[in-house]
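Enquirer: Return atomic coordinates for the entry below.
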Amino acid sequence: MKRTPNAVELAPGTHWIGALDPALREFDIILKTANGTTYNSYCVRGEHGVAIIDTVKASHADEFFMRLEQVARYDEISTIVLNHLEPDHSGALPELMRRAPQAKLYISAKAQLMLKALVKTDDLQFNIVQTGDRVELGGRTLHFFSTPFLHWPDTQCTLVEEQGILFSGDVFGCHFCDPRLFNDKVGDFRFSFEYYYQHIMRPFREHVLDALELLEPLPLKTIAPAHGPILRDAPHSYVQRYRQLASPLLHNEVGVDNKSLLVFYISSYGNTALMAQAVVEGAETEAGVHVSLYDLQASGGLPFVDLIEEADGIAIGSPTINGDAVKPVWDLLSSLAVIKVRDKLGASFGSYGWSGEAINMIEDRLRGLKLRVPIKGVRAKLIPNEEELQCCRDLGRQLAQHLTGNLERRVISMSELLSQEPSHA
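Expert: Residues are numbered from 1 along each chain as shown. The predicted structure is shown next:
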């Protein structure tokens, strides 16, 4: 495939002027980019001025300016819009404003502090826009939509009303570099589209749904994201796919009015397994709670991320080995970084031999993930006796009652934590 050297027309007077980065193999540490990425920037020409929508990463500024100069003079630029201030979209902004000092800069309200940190000056003039605000270019109207936390607090989208082109920022984008640019021309990028959603947008699912309420009704002819292919063929299908990805499915299984509690465990000699079953038995005594039990040894953590995202509470059981919880438990907990778990209910339990640190460690991690841990975990030395199993049943019952609102919430005090038996038995 031949590299595209020129600006590319999306519609009369509207061009892509971004940059290609096909060699990139990792983005922001957390994302693999097998096909590289693009830094998409756009130029919109009206009768009274020219608007630049986003810029590019500083390392690719030469490409950006080369393409910009093919479609506009710097003295024609009246408007600069930054939908998102992450450096891969704003890196060329300082130089662009030096070359076009007359241009007015438009950003969201939450972008103000970020902008000052980016350009390191208090002298920069800018205009704040929010949903419903418009900028007239003469025959071309820029209509702004606030879409915060997709995936930074400052993000917004910009619609060219007359052309039905939505400059969507990171929303509907992906890391996929193909110089043919358009979704009906490039290679199959479905994996990249879904992968990008899962790692970038998924933690902000509620904000995705809020944004869709604004964007779904728009008469879109093209979606022009900040990364990846420009979506001119069936753009609404990508909006619909976001709706599917962001919509909870668990209610179809447990009912809208029921709560869901997931109990995970891993067991060396069957002792923690006995405790897990007792937790389930206790939780099942509370009406309105759907309880599920999963063995981590057989399946690992990743298959459960979807379930945990939609569940109301989780309880995790682990033996203590070498003074620690076991690896499958940590794998499960680390996988939760890509979903929203704040304010879900959490608990831990487990059997131990010489020491029992795992339970406290799991509780600390659950709190670090912003789950609520209102009930002290249950520990049993080696084979749990009937009294210890009853404590597990009580734990499950109380968790279920917390979920249904039938038990007053309480937070474990520091004195309670310190009163637990010593870590070495």
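Enquirer: Give me the contacts around the helix or strand harbouring R205.
Expert: Assigned by DSSP states H and E, R205 falls within helix 205-215. Applying C-beta atoms under 8 Å, 6 or more residues apart in numbering, the set of residues contacting helix 205-215 from outside is 131, 145-150, 157, 166, 168, 171, 201, 239, 242-243, 245-247, 309, 339-340. The C-beta positions use only the backbone N, C-alpha and C, and glycine is treated the same way.
Enquirer: of the residues you listed, buried ones?
Expert: 145-150, 157, 166, 168, 171, 201, 239, 242, 246, 309, 339-340 (16 or more other C-beta atoms under 10 Å).
Enquirer: Among the residues you listed, name the ones in helices.
Expert: Within those, residues falling in helices by DSSP state H are 239, 242, 246, 309.
Enquirer: one step back: which parts of the helix holding R205 are buried?
Expert: Quick answer for helix 205-215 (16+ other C-beta under 10 Å): 205, 207-208, 210-212, 215.
Enquirer: from these, which is closest to E363?
Expert: R205 (25.5 Å; C-beta to C-beta).
Enquirer: helices or strands next to the biggest helix by length in the chain in the packing?
Expert: In the chain, taking DSSP H as the definition, the longest helix is helix 386-404. Contacts defined by 3 or more C-beta pairs under 8 Å, 6 or more residues apart in numbering; DSSP states H and E place helix 386-404 against strand 259-265, helix 271-283, strand 289-295, strand 313-317, strand 345-352, strand 378-381.
Enquirer: What lies in contact with it?
Expert: 259, 261, 263, 274-276, 278-289, 291, 312-313, 315, 345, 347, 349, 374-375, 377-378, 380, 384, 407, 409.
Enquirer: tell me the angle it makes with strand 345-352.
Expert: Relative orientation of helix 386-404 and strand 345-352, computed by axes from the mean of the first three to the mean of the last three C-alpha atoms, to 10 degrees: 170 degrees.
Enquirer: What lies in contact with stretch 281-296?
Expert: 253-255, 257-267, 273, 276-277, 280, 304, 307, 328-329, 332, 392-401, 403-404, 406.
Enquirer: nope, stretch 333-346 is what I was after
Expert: Stretch 333-346 is contacted by residues 198-199, 202-206, 261, 301-302, 304-305, 308-309, 311-316, 362-363, 365-367, 369-374, 399, 402-403 when judged by C-beta under 8 Å, 6+ apart.
Enquirer: ditto for stretch 308-316
Expert: For stretch 308-316, the surrounding residues in contact (C-beta under 8 Å, 6+ apart) are 202, 205, 248-251, 259-265, 276, 279, 329, 332-333, 336, 339-341, 344-349, 362, 366, 371, 395-396, 399, 402-403.
Enquirer: Tell me the buried residues within those residues.
Expert: Using 16+ other C-beta under 10 Å, the buried members of those are 202, 205, 250, 259-265, 276, 279, 329, 332-333, 336, 339-341, 344-349, 362, 366, 371, 395-396, 399, 402-403.
Enquirer: Okay, now the unreliable bits of the stretch 151-300 of the chain?
Expert: 249-257, 299-300 (pLDDT under 70).
Enquirer: can you rerun that using 90?
Expert: 151-152, 198-200, 202-206, 246-258, 268, 297-300 (pLDDT under 90).
Enquirer: cool, the stretch 1-150 of the chain as well?
Expert: Those would be 1-5, 23-34, 112-125, if you go by pLDDT under 90 across the stretch 1-150 of the chain.
Enquirer: can you give me the helices for it?
Expert: Assigned by DSSP state H, counting those that start in this stretch, the stretch 1-150 of the chain shows helices spanning 61-71, 87-90, 93-99, 112-119.
Enquirer: Just say which of these is most tucked in.
Expert: Among the helices of the stretch 1-150 of the chain, helix 87-90 has the highest mean neighbour count (mean count of other C-beta atoms under 10 Å), at a mean of 22.
Enquirer: ok, residues contacting that helix?
Expert: Residues outside helix 87-90 that contact it (C-beta under 8 Å, 6+ apart): 39, 41, 54-58, 82-84, 118, 169, 226-227.
Enquirer: Can I get the buried part of these as one PyMOL selection?
Expert: Remark: buried members of the contacts of helix 87-90, expressed as a PyMOL selection using 16+ other C-beta under 10 Å:
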select buried, resi 39+41+54+55+56+57+82+83+84+118+169+226+227
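Enquirer: Now, the contacts of helix 87-90 that are in strands?
Expert: 39, 169 (DSSP state E).
Enquirer: want to throw the contacts of helix 87-90 into CSV with distance to E95?
Expert: Formatted as CSV, the contacts of helix 87-90 follow (distance: C-beta to C-beta, whole Å):
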residue, distance to E95
Y39, 14
S41, 13
D54, 14
T55, 9
V56, 11
K57, 12
A58, 8
L82, 14
N83, 19
H84, 18
L118, 13
G169, 21
A226, 19
H227, 21
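Enquirer: Can you tell me which of the contacts of helix 87-90 is nearest D184?
Expert: Within these, proximity to D184 (C-beta to C-beta) peaks at H227, which comes in at 17.8 Å.
Enquirer: OK, contacts around the closest one?
Expert: 37-40, 88, 170, 173-176, 196.
Enquirer: do the same with F149
Expert: So F149 contacts 155, 204, 207 (C-beta under 8 Å, 6+ apart).
Enquirer: what does D133 give?
Expert: So D133 contacts 143-144 (C-beta under 8 Å, 6+ apart).
Enquirer: how close does it get to D178?
Expert: From D133 over to D178 the distance is 34 Å, taken as C-beta to C-beta, to the nearest Å.
Enquirer: Also E63?
Expert: 16 Å.
Enquirer: So Q390 versus V378, what's the distance?
Expert: 10 Å.
Enquirer: Which of those two has more residues huddled nearby?
Expert: Neighbour tally, Q390 and V378, criterion other C-beta atoms under 10 Å: the higher count belongs to V378, 26 against 14.
Enquirer: ok so, going back, for PyMOL, what selects the buried ones among the contacts of helix 386-404?
Expert: Paste this into PyMOL to select the buried members of the contacts of helix 386-404, with burial taken from 16+ other C-beta under 10 Å:
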select buried, resi 259+261+263+274+275+276+278+279+280+282+283+284+286+289+291+312+313+315+345+347+349+374+375+377+378+380+384+407
